[in-house]
Every structure is written in structure tokens, then in C-alpha cells.
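Chemist: I would like the atomic coordinates for the input below:
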Amino acid sequence: MFCVIYRSPLRDQTYLYVEKKDDFSRVPEELLKGFGKPQLAMVLSLAQRDKLAGADINKVKQALSDKGFYLQLPPPVESLLKIHLESDKKN
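Modeler: This next block holds a predicted model:
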């Protein structure tokens, strides 16, 4: 199984995985509007891989099979204030 990964020009650390190069036919139009014009990042074979750097490979494979795409969002921003307050509670 191959997938093509595109980077969002509008949203940092946001990637769109599709089954075929430049085939966004199964991606909802609203998602593409918010994503911006996809910029090719890489073509990847998922067949011989156990994991991916920023996404769960099993979820990617399942989403590609079921929906024809997978959207990888950036990790949530950590709140330094929240971390500080939680560490104060422990002391």
C-alpha cells in the first residue's frame, strides 16, 4: 500500500495522506478549503513499515481504506502555565 503525503501551506504541522498523487476526489471540499493548496511532501510505501513519525500507521491504513484520506494534525500546544500550576500542586 502506497500513500502520498501533502503539507498544508496554511496550517503548520498539518498533513494530508491520500492513496494516489493529486487525487483529492474523496477528500471533503471544506477540509481542502481549510487545508489550502496541498504541497507534495513525500510518497511512502506503508507495506514494509511498522510505524510512522507523526501518525499511527494502523489508523492511517484504516482511514485510507475507509475514507480515502487521513488528516494528520499537529500535537496540542502545551500550556506552560498549566504545567507550572500542576508542578506547584505536587510540591
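Chemist: how many residues are close by the closest residue to Pro75 other than its chain neighbours?
Modeler: Once flanking residues are discounted, Pro75 sits nearest to Gln13: 7.7 Å by Cβ to Cβ, 6 or more residues apart in numbering. The C-beta positions use only the backbone N, C-alpha and C, and glycine is treated the same way. Gln13 has 11 neighbouring residues, counting by other Cβ atoms under 10 Å.
Chemist: just to check, Gln13 is in contact with Pro74?
Modeler: Yes: the pair Gln13 / Pro74 is scored as a contact, 3.5 Å apart, by Cβ atoms under 8 Å.
Chemist: so who does the residue nearest to Pro75 touch?
Modeler: Gln13 is in contact with Gly54, Leu73, Pro74, Pro75, counting by Cβ atoms under 8 Å, 6 or more residues apart in numbering.
Chemist: can you list those in a markdown table and add neighbour count?
Modeler: Listed next are the contacts of Gln13 as a markdown table, based on neighbours: other Cβ atoms under 10 Å:
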| residue | neighbour count |
| --- | --- |
| Gly54 | 12 |
| Leu73 | 12 |
| Pro74 | 12 |
| Pro75 | 7 |
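Chemist: which one of those residues is nearest Lys89?
Modeler: The closest of these to Lys89 turns out to be Pro75 (Cβ to Cβ; 23.6 Å).
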